[in-house]
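Participant: predicted model and sequence below, questions to follow.
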Amino acid sequence: MDYIVPGFLGFLVGAILFGLTYPTVFPVISGIANLGSVYLPDLLNVNHWLLIAVFTLMTLFLFYVLDKKGGPRRDRAAE
């Protein structure tokens with residue numbers, strides 16, 4: 001319960017900083033990163049099926065690692 005107030009204050013400070021810097025930072029970033037309607041395979045210059053296969057393998061590997069790691073610890077699950 002002690003972490004709610006600092007977390008809320010962090011969200012509030014982050015929102016205020018974002019609001020204050022948005023008008024000056026966004027046009028610069030938008031000018032650099034505005035590539036139009038481009039897809040990820042076009043940016044990487046690879047076949048779209050290769051990219052689908054890579055993301056599928058990464059997802060399956062992530063599921064495998066999470067399955068091997070196991071669920072929550074038994075001493076923490078009772079809380």
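Facilitator: Structure's in. What do you need? Residues are numbered from 1 along each chain as shown.

Participant: domain-wise, how is the protein divided?
Facilitator: Domain ranges of the chain: 1-34, 38-79, per automatic domain parsing.

Participant: could you export those as a markdown table, including mean pLDDT and mean neighbour count?
Facilitator: C-betas here are computed from N, CA, C, even on glycine. As requested, those are exported to a markdown table (pLDDT from 0 to 100; neighbours: other CB atoms under 10 Å):
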| stretch | mean pLDDT | mean neighbour count |
| --- | --- | --- |
| domain 1-34 | 90 | 9 |
| domain 38-79 | 86 | 10 |
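
Participant: tell me where the protein has helices.
Facilitator: With DSSP state H, the ranges of helices along the chain come out as 4-33, 40-44, 48-69, 74-77.

Participant: can you give the distance of the third one from its chain's centre?
Facilitator: In other words, helix 48-69. Put simply, helix 48-69 sits 16 Å off its chain's centre (CA atoms, centre = their mean, to the nearest Å).

Participant: and for stretch 24-35?
Facilitator: On CA atoms, centre = their mean, the centre of stretch 24-35 falls 20 Å from that of its chain.

Participant: before we move on, what about stretch 43-61?
Facilitator: Distance, centroid of stretch 43-61 to centroid of chain: 18 Å (CA atoms, centre = their mean).

Participant: show me the contact partners of that stretch.
Facilitator: 35, 39, 40, 41 (CB atoms under 8 Å, 6 or more residues apart in numbering).

Participant: any idea how far residue 41 is from the spatially closest residue to the second one that is not a sequence neighbour?
Facilitator: Right, residue 39. Excluding the flanking residues, the one nearest residue 39 by CB to CB, 6 or more residues apart in numbering is residue 48, at 7.6 Å. Counting by CB to CB, to the nearest Å, the gap from residue 48 to residue 41 is 4 Å.
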